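**Student:** sequence unknown, structure follows:
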């Protein structure tokens, strides 16, 4: 299974968020602080405010909307965001069925933060604050990158 990352190539990672883009911005900031520029960060928002906030946090490129999600999710090695990006009609309807399907069907590794305002309870997950979840997610990406270098 090709995961869109190979030794010697810059890893492409898609960060997806909606509403105001705060979660995505925190992820991008954490990745930049930990990994630096050895990764290509693609900010994809359900709306322009979310995309803009993620761009300001340090993404290389950004795009907005359904087609951007569908197109980008096929071309990256890792997708990160809140768990709601897998749920059609989540984020007060910002996540379309096509967006959720594209992300869940992508061959990319998905690193999801268990944050959701939806009526979903994830059993066995301890309620951690956003900064702790971002640190854990960044550590997972760092470990994946170390595995590639080995």
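**Tutor:** Sure, I can see it. Being a predicted model, the structure only gives us computed values, none of them experimental.

**Student:** Against residue 134, how distant is residue 140?
**Tutor:** 11 Å (Cβ to Cβ, to the nearest Å). For the C-beta atoms, the positions are set from N, CA and C on the backbone; glycine is no exception.

**Student:** All the strands of this protein, in order from the start?
**Tutor:** For the chain, the strands defined by DSSP state E cover 11-17, 39-45, 61-64, 78-82, 109-113.

**Student:** Save the ones you listed as JSON lines, and put in distance to residue 146 and mean neighbour count too.
**Tutor:** Listed next are those as JSON lines, based on distance: least, Cβ to Cβ, whole Å; neighbours: other Cβ atoms under 10 Å:
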{"stretch": "strand 11-17", "distance to residue 146": "12", "mean neighbour count": "27"}
{"stretch": "strand 39-45", "distance to residue 146": "13", "mean neighbour count": "25"}
{"stretch": "strand 61-64", "distance to residue 146": "25", "mean neighbour count": "18"}
{"stretch": "strand 78-82", "distance to residue 146": "14", "mean neighbour count": "26"}
{"stretch": "strand 109-113", "distance to residue 146": "14", "mean neighbour count": "19"}
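
**Student:** In JSON lines, list those strands along with mean pLDDT and distance to residue 55.
**Tutor:** Formatted as JSON lines, these follow (pLDDT from 0 to 100; distance: least, Cβ to Cβ, whole Å):
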{"stretch": "strand 11-17", "mean pLDDT": "96", "distance to residue 55": "10"}
{"stretch": "strand 39-45", "mean pLDDT": "97", "distance to residue 55": "6"}
{"stretch": "strand 61-64", "mean pLDDT": "98", "distance to residue 55": "4"}
{"stretch": "strand 78-82", "mean pLDDT": "97", "distance to residue 55": "15"}
{"stretch": "strand 109-113", "mean pLDDT": "96", "distance to residue 55": "20"}
